[in-house]
Each structure stands twice: as C-alpha cells, then as structure tokens.
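Undergrad: A structural model of the following input is requested.
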Amino acid sequence: MLGIYLLLTVLLWIWVIVISATHLVITTIVYRDAKTLYEPALNISPFLWAAITFVIPIGGMFIYWLMNYSNLSKRNL
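TA: Sure, this is the predicted structure:
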C-alpha cells in the first residue's frame, strides 16, 4: 500500500513541475511578444499581459492573441 502512495506522490510532483514549467514558458512567450508591440490593445503593459497569462495560461494567451492579432483588433478595422 505504501508503494501506491509513493507512486501517486511522485506522479503528483511530476505533474506540478510540468504545469509550472508550462505556465512559465507561456508567460515568457507572451511577455516577450508584448514588449515588441508598438501599440498594445487597451494600452495594457507587457508585465500585466504576463500576469494575466500566468494566472490563466491558455485562456490568457488566447485573450492576448484575440486582443492584439485577430481580426477583432483595432489595427485590422
């Protein structure tokens, strides 16, 4: 029984490490891209975009793309 708990604990920690690394990679990608924008949507700073993306990684990245690069952005109107 101890072996099952140990295995589950190891799998949990691996999952936590993978999720944390994914959060950091997505946040870094969005932050670097936000720094290159001449006129970001709603004048949101790159640091705030990074914070939004860190809190909700896939959703934040999608919102970032939607606001800055999709056909809904003000540059494409």
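Undergrad: count residues in the vicinity of M67, would you?
TA: A count of nearby residues for M67, using other Cβ atoms under 10 Å, gives 16. Placement of C-beta: from N, CA and C, glycine included.
Undergrad: what's the spacing between it and W15?
TA: Per Cβ to Cβ, to the nearest Å, M67 is found 30 Å from W15.
Undergrad: checking E39 next. Helix, strand or coil?
TA: At E39 the chain is in coil, as set by DSSP: H, G, I helix; E, B strand; the rest coil.
Undergrad: quick check: phi and psi on it?
TA: The phi/psi pair for E39 (degrees, to the nearest 10) reads phi -140, psi 90.
Undergrad: ok, it to M67 distance?
TA: 12 Å.
Undergrad: check contacts around the nearest residue to P57 once chain neighbours are set aside.
TA: Among residues not flanking P57 along the chain, I26 sits closest, at 4.7 Å (Cβ to Cβ, 6 or more residues apart in numbering). Applying Cβ atoms under 8 Å, 6 or more residues apart in numbering to I26 gives the contacts 53, 57-58, 60-61.
Undergrad: in what helix or strand does I26 lie?
TA: Secondary structure from DSSP states H and E places I26 in helix 2-36.
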